[in-house]
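[1] Here is the input, now give the coordinates:
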Amino acid sequence: MRIEALLPEHAEQVLAIYQSGIDEGNATFETQAPEWAAFDKAKLPGHRFVALDDGRVSGWVAASALSDRCAYTGVVEHSVYVHPGARGRGVARALLDALIASTEAAGIWTIQSGIFPENTASLAVHARTGFRVIGTRERIGRHHGAWRDVILLERRSPLID
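    Presented below is the predicted three-dimensional model:
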């Protein structure tokens, strides 16, 4: 497995993996993967990566700015998705490690994410990479007609004061 920058040539595979996570029902409130242009515009260029196995994308991670307010310039929100056939092989860990390295090099002090409590594998890999649970946002949104909770996690960089 190689970790590389997420580029437009990865778009089709990245969006297919995203849609697969959406279809499984415990990854996001989204119901449809966006078009590439919208995805590309929303993600920070220096903080998005793919895992490649034999030239195929096995997973991706990308960060977005949390806010336009200057007080939050060092805070990003991220998503990480792994192809169902590549799970359990360290793909998410490698992607999160790449994201942590890129954000720390850029002076970003906090990475956060909201994860459904049912997504225990994602919660576990985030814990292993230094994320901590901040709290539960109870009934924060409806997903297919049902209220869902989200566990809010963050990783504060120990390198940035």
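[2] use CA for all of it now, contacts and neighbours both
    OK.
[3] Show the subsequent helix or strand relative to the host helix or strand of residue 113.
    Here residue 113, judged by DSSP states H and E, is contained in strand 110-115. The helix or strand immediately downstream of strand 110-115 is helix 120-128, counting by DSSP H and E.
[4] Could the C-alpha coordinates of that next one be exported in PDB?
    C-alpha atoms of helix 120-128 as PDB (Å, rounded to 0.1, in the frame of the first residue of the first chain):
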ATOM      1  CA  THR A 120     -17.200   1.100  16.100                       C
ATOM      2  CA  ALA A 121     -14.400   0.400  13.700                       C
ATOM      3  CA  SER A 122     -14.000   4.100  12.900                       C
ATOM      4  CA  LEU A 123     -14.100   5.000  16.500                       C
ATOM      5  CA  ALA A 124     -11.400   2.500  17.300                       C
ATOM      6  CA  VAL A 125      -9.000   3.600  14.600                       C
ATOM      7  CA  HIS A 126      -9.500   7.200  15.600                       C
ATOM      8  CA  ALA A 127      -8.700   6.300  19.300                       C
ATOM      9  CA  ARG A 128      -5.500   4.500  18.200                       C
END
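[5] Tell me the buried residues in that helix?
    For helix 120-128, burial by neighbour count (16 or more other Cα atoms under 10 Å) applies to 122-123, 126.
[6] Among the residues you listed, find me the one that's closest to residue 100.
    Within the buried residues of helix 120-128, the smallest distance to residue 100 is 11.3 Å, found for residue 126 (Cα to Cα).
[7] measure stretch 62-75 end to end?
    13 Å (Cα to Cα, to the nearest Å).
[8] and for it, what are the contacting residues?
    42-44, 47-49, 76-80, 99, 107-112 (Cα atoms under 8 Å, 6 or more residues apart in numbering).
[9] at 10 Å what do you get?
    5-6, 39-50, 76-81, 95-96, 99, 103-104, 106-113, 154-156, 160 (Cα atoms under 10 Å, 6 or more residues apart in numbering).
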